[in-house]
Each structure stands twice: as C-alpha cells, then as structure tokens.
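Visitor: Need the 3D shape of this:
(one chain, ligands or ions: 1)
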Amino acid sequence: MLSKNNLRFQLFFAVLFACVSILAAQTLIRQFWTLPAFEAMAAHNDLLDLKRVESQLTQEITSLKNLVYDNAVWDKIYQASAERDVNWFQETFFIPESFQHLGINGWYFYDIKGAPIAGFSTEHATAELKVPFFESSRSSELSDILISPESVRQNGLMPVSKIGFIDILDMPAVVVSHSIAPSGAKGNSHGTAVLWRYMDERFIETLTPGIPGDIQLHTGEEVRQLAPYFTMVFGEGVPNQAVPFQNRLYIGIQNTQGTPVFAVSVAIRERPFDSALFDASLISGIVISITILTLFYMFMHFQLLRPLERLLDTVCLATRSRDFSIRSGMQGRNEIFKLGRRIDDLFALIGKQRSELVARNQELQRISNTDPLTGLANRRYLDQYLQTLASHASTESRPLALLVMDIDYFKAYNDHYGHSRGDQVLKQVSSLLQQSTHSATDLVSRYGGEEFVVVLQNTAEDEAVKVAENLCVAVRAAKIHHESAIGVDILTLSVGVAGKPPGTPLQAEKLFDQADAALYAAKRAGRNRVEVAPGI
Ligand SMILES: Nc1nc2c(ncn2[C@@H]2O[C@H](COP(=O)(O)OP(=O)(O)OP(=O)(O)O)[C@@H](O)[C@H]2O)c(=O)[nH]1
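Guide: You can find the predicted model right below:
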C-alpha cells in the first residue's frame, strides 16, 4: 500500500503533476499567446491584401488620370475645345477600338461654362451624345466633377484634375476630369475633359493578379448594407485594423457627396493553422510530454526506486532476523547500487564481528565455568547445572544422586611432595573421575581445593554407591604414592553419597549438605571409603 511518505508515491504524483502542468501550460500558451499571435499575423496579412487592392485601385485611377493629359493630341483638343469643333472630336478623336483597348468607357468635353461640346461612349456611341448623366450638366454630381476656370486660376493657371465615383446608367464608374489647358505650360482653361471607366468585373479583374483570394465588386443596395463593415474608405487613409464581415474585408468607394457608390471586397485568407484549442500540435506536445515523463519515471524506477526498495528490504530483513549473511546483490553503477554494495560489505563485517563475538563469549563462558587446573566444571557451573536440573519437570520423576568426595590427607601430600606435585595429582584424580563416569549423564566438577562433586542423573541410591566405590577403586588402583609420616602409602578418596528418590523435587542445597555430611562421616570412619547419607 502506497502512503504519501512513500518515495514512489511522491515521484508518481510529481510526474503526474508535471504532466498536468505541462498540459495546462501548453493550453494557456496556445490560448493566450500562440493562437492570438497567429491570428494577429493573419489579420495583418488580410489588411495588407486590402491595402494592395487599394494601392492597385489607386494605380489604375492614376493611369487614367495620366491618360487625359499625356495625350498625343492634347494640343489639338485644347484648340478644338476653344473652337467647339464637334466634328473633329467625333470624326478624328473618338476611336472606339483604341479607347476600349485602353479600358476607357467614354470621353466628354465641356466648355468653360460647363456645357458639353462633344461626348463619346464605347458602349453608347452616338453622334447625338446620348449619355444622360454627362448631358445633364446641371446635376450637382457633374458640377462637382467639372473644373471651373476660377479653380485653374486659383491654382496659378496650372492644370487641375479631379476624381469622382458616380453611378452612370446604374453602373459604378470612376470619372477623371481635367482642365483643358495648354500642354506643358500655364494658361487659362478652355473647359473640362472628362473620361470614365466603369467599375465592372473587367475592371476588378485588373486588380486581381497577385492578390490571393477572390476580389468582389459590390454595388447598389448591397453597398449601403455593407457600409458599416468597411475596413477602409478609398482615399481616406490606411486603417490599422481589419474589420472582417462574412470572411471578407471591404473598401468603400464614395461619390463626391460622401455616399458609398460601390465597394470592393477581398476574401480573408484561409488560416494556415488550426485554431481549435486541442489541435494536433497540442496533442502531440502532450503525448510527447507524457512519453518523456513516463520514460523519466521508468528510469527513476529502475535506477532509483527499485534498488532503494530492494536495499530497504535487505536492511529490514537483516535487522529483523539478525541474519547478516543476507546480501542485496546489487549490480548497477550509480550511487544507490554502490551504497547497496557498501551495505553488503557492512553486513559482511557485522557478520564476521558477530561470529568472533559469539566465539569469544563461548570461550569466556567456557573459562568462567571451567576449573583452570583440572579442566573440570567448576563450582559456578555445578550450581547452575543443579539449578537447571531442579527447574526441569522431568528431574522430579527420576532419581538423582550426588557424590561429594575429598582426597585423603592431601595436606600431608602437599607438605611432603610440594604444591606442584599436588597439582599434578589433582589433575590425575580428575582424569580418573572422568574416565570412571559417563560424560553423557554424569557431571564431574571440582568443588574447591581437593574436593570434587559428581552429579549422577537418573541414578538410584544403590547405583550411586557403586559408582562411588568404583571411583575409590580407580584412585587406589592408580597407586599414587603417598609416603608421608601419616602411615599410608597410596593416595585414596573418601566419598559421601546422597540421593533423591524419584517423585520428589530436587533440593540441590539440601542434597549437597546431606552428601557433605556423609563425606564427613567417611572421614571420621577412617577415610578411603564410601558413606551414604542417613535417611536415604
Ligand atoms: N597442590 C594443591 N593443593 C591444594 C589445592 N587446593 C587445596 N590444596 C591443599 O589441600 C589441602 C587440604 O587439606 P585439609 O583440608 O587439611 O585436608 P586433608 O589434609 O586432605 O585431610 P583430610 O581431608 O581430613 O583427609 C590443603 O593443604 C590445601 O593447601 C590445589 O589446588 N593444589
């Protein structure tokens, strides 16, 4: 079960948090920075398209304007206007094919009073000059286009020209007017030359090349409806912001009264980017992020988490079982794996030191329980041994006997042979006692000085007496010389026997006292004998 303090849990949530953060960051960046930036760039391009249309429109109109004045027969026009030579205009100047070729739909010439002299329309070519708009010289729109001699004078007798947009025969047209003045010099005007060109599909086609997307012309009622959506009005400067309407941008073209005559629209460019919030790039970014973070998690899993968990398991198992032979067996190269190997080394060291300590303790225990001279169990061990036996339930049901024995006249032996020989005799007697008993069930101990105690488990009184007599016999049979003044010639033993019958608890002290009393009795009775404690 993962807890919040678990490193794997923390790493998992860190990775999860990173994924969610990246997703949120990518979404926010796309929503508030990338998409708006793309959209602004696209809108800017749309505006540039519109400006290019406006610029081409201006160029087209400028070329029309130049056509009036840069005319090979301008001086003749100047003269014919002064003379009101209608025939010259109709028969010589008006050549429909050449004007059609130049994209001009018609010419009109007016005298200084604004009265028409001659007119010509490529669509309505008649000798009677039948283009109604240009005939009604009193109309305010035409008056605005005609150039009065005063305005030429006000211009320092320099030619004056104007541009206007007018509906002619219900078709929007650009009208260029020019004062009829001498070519290349100052001078009074003889009237106004006017030419026009219909803003029809043919004209719009001249704007199309080089402009991506379609360009459309809007006329009539539609223009008034589109007026609120004009991004710009022709001739009124360049806007900073596009105002798209039905995926198009509009340039309004007004007449001299400020009324929209027609409009040209440009389709806004198709967006080369996906404007949906969760587009392929965002989803790819998220997938890549998740993949990278998953790989990072896997890397951390194999290089950090798993070795750490293995290390922790090893340490926990070793400390719980106190078995330091366990090894992590880690084989990697990074610091965690190195730590694992160092912990293995540490465990090996602890294991070695523990073995040494156990061996040393065993040795110390052996020393503390052993008599250094004879190698027999000492009195401390005897006490523990009897205590342990007394605590065992099985001891009560079985018989047990205690032999307390003492070498006879040992003081005299020491005095005669010296202490060193006395030590050797003690060792010899000890060895004889051990040889004459069963090591599996009998404990031979040196109680102190030249006194020995033998514990006989599962041994009844009569058997214990036999064992005691065997011990006396064994010592006598060894014939250890004892040439002292006392009158004996070999070393002998006196033994006191006390037994616990089956079915009674072991009272070690009491049993010892009884055996000791029996020994005392054996000494008093002349030594070199076995005495049984009374009452057994
Ligand atoms: N060489 C040697 N003598 C010891 C040792 N321990 C005790 N003795 C001697 O053993 C002698 C025991 O003497 P006593 O207690 O008088 O007894 P005993 O002379 O054997 O006389 P009984 O026991 O009455 O027969 C003493 O002289 C102690 O110095 C020992 O480790 N080595």
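Visitor: Quick one: low-confidence residue ranges for the stretch 351-500 of the chain.
Guide: Within the stretch 351-500 of the chain, the segments meeting pLDDT under 70 span 485.
Visitor: for it, what spans make up the helices?
Guide: 379-391, 393-397, 410-417, 419-435, 461-478 (DSSP state H, counting those that start in this stretch).
Visitor: Ok, the stretch 1-150 of the chain next?
Guide: Here the stretch 1-150 of the chain has its helices, by DSSP H, counting those that start in this stretch, at 7-29, 35-69, 74-83, 86-87, 96-102, 132-135, 140-145, 149-154.
Visitor: Tell me which of those lies nearest to the ligand.
Guide: helix 7-29 (67.1 Å; C-beta to the nearest ligand atom). Bear in mind the C-beta positions are built from the backbone N, C-alpha and C, glycine included.
Visitor: number of nearby residues for the closest residue to the ligand within the stretch 401-536 of the chain?
Guide: Per C-beta to the nearest ligand atom, G422 is where the stretch 401-536 of the chain lies closest to the ligand, at 2.4 Å. G422 has 17 neighbours, counted by other C-beta atoms under 10 Å.
Visitor: same deal with A24?
Guide: Neighbour number of A24 under other C-beta under 10 Å is 10.
Visitor: quick one, what contacts the residue of the stretch 401-536 of the chain closest to the ligand?
Guide: When the contact criterion is C-beta atoms under 8 Å, 6 or more residues apart in numbering, the partners of G422 are 410, 413-414.
Visitor: still on that earlier bit, just put the helices of the stretch 351-500 of the chain in a markdown table and tack on distance to A37.
Guide: Converted to a markdown table, these look like this (distance: least, C-beta to C-beta, whole Å):
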| stretch | distance to A37 |
| --- | --- |
| helix 379-391 | 92 |
| helix 393-397 | 94 |
| helix 410-417 | 116 |
| helix 419-435 | 104 |
| helix 461-478 | 111 |
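Visitor: of those helices, which approaches V497 most closely?
Guide: For V497, the closest of those is helix 461-478, at 5.1 Å, according to C-beta to C-beta.
Visitor: Would you mind getting the angle between the closest one and helix 419-435?
Guide: 140 degrees (axes from the mean of the first three to the mean of the last three C-alpha atoms, to 10 degrees).
Visitor: what's next to helix 461-478, contact-wise?
Guide: 399, 401, 403, 405, 428-429, 432-433, 435-437, 442, 454, 456, 459, 490-493, 495, 497, 499, 501, 528-530, 532, 536.
Visitor: List buried members of the residues you listed by neighbour count.
Guide: 399, 401, 403, 405, 429, 432-433, 436-437, 442, 454, 456, 459, 491-493, 495, 497, 499, 528-530, 532, 536 (16 or more other C-beta atoms under 10 Å).
Visitor: which ones among those residues are found in strands?
Guide: Applying DSSP state E to those, the entries found in strands are 401, 403, 405, 442, 454, 456, 493, 495, 497, 499, 530, 532.
Visitor: gap between the last one and A468?
Guide: Taken as C-beta to C-beta, to the nearest Å, the spacing of V532 relative to A468 amounts to 9 Å.
Visitor: Find residues that contact each of the two.
Guide: Contacts common to V532 and A468, judged by C-beta under 8 Å, 6+ apart, are V497.
Visitor: which bits of the chain sit near the ligand?
Guide: 373, 406-412, 414, 419, 422-423, 426, 449-450, 523, 527 (C-beta under 6 Å from any ligand atom).
Visitor: excluding its backbone neighbours, what's nearest A118?
Guide: Leaving aside its sequence neighbours, A118 sits nearest to F89 (C-beta to C-beta, 6 or more residues apart in numbering; 3.6 Å).
Visitor: ok, back up a step: okay if I get the ones in strands among the buried ones among the contacts of helix 461-478 as a markdown table plus distance to A185?
Guide: What follows is these, written out as a markdown table (distance: C-beta to C-beta, whole Å):
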| residue | distance to A185 |
| --- | --- |
| A401 | 165 |
| L403 | 165 |
| M405 | 167 |
| D442 | 159 |
| V454 | 162 |
| L456 | 162 |
| L493 | 170 |
| V495 | 170 |
| V497 | 169 |
| G499 | 167 |
| V530 | 174 |
| V532 | 174 |
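Visitor: Touching, E201 and I215? I think so.
Guide: No - here E201 does not reach I215: they are 9.9 Å apart, not a contact under C-beta atoms under 8 Å.
Visitor: Of these two, which one has the most company?
Guide: Applying other C-beta under 10 Å to E201 and I215 shows that I215 carries more neighbours, namely 21 against 11.
Visitor: what's the pLDDT at the residue of the stretch 1-150 of the chain found nearest the ligand?
Guide: Relative to the ligand, the nearest point of the stretch 1-150 of the chain is N5 (66.4 Å; C-beta to the nearest ligand atom). At N5, the pLDDT value in this model is 78.
Visitor: Relative to F13, how far out is it?
Guide: For N5, the distance to F13 - C-beta to C-beta - is 12 Å.
Visitor: domain ranges for the protein?
Guide: 71-198, 281-367, 371-532 (automatic domain parsing).
Visitor: Between the ones you listed, which one is closest to Q257.
Guide: Across the domains of the chain, Q257 has its closest neighbour in domain 71-198 (7.3 Å, C-beta to C-beta).
Visitor: okay, and for this structure, where does confidence drop off?
Guide: Using pLDDT under 70, the chain drops low at 1-2, 70-71, 124-131, 137-138, 208-213, 485, 535-536.
Visitor: Can I get the helices of the stretch 1-150 of the chain in TSV including distance to A173?
Guide: Converted to TSV, the helices of the stretch 1-150 of the chain look like this (distance: least, C-beta to C-beta, whole Å):
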stretch	distance to A173
helix 7-29	52
helix 35-69	11
helix 74-83	21
helix 86-87	23
helix 96-102	14
helix 132-135	9
helix 140-145	11
helix 149-154	22
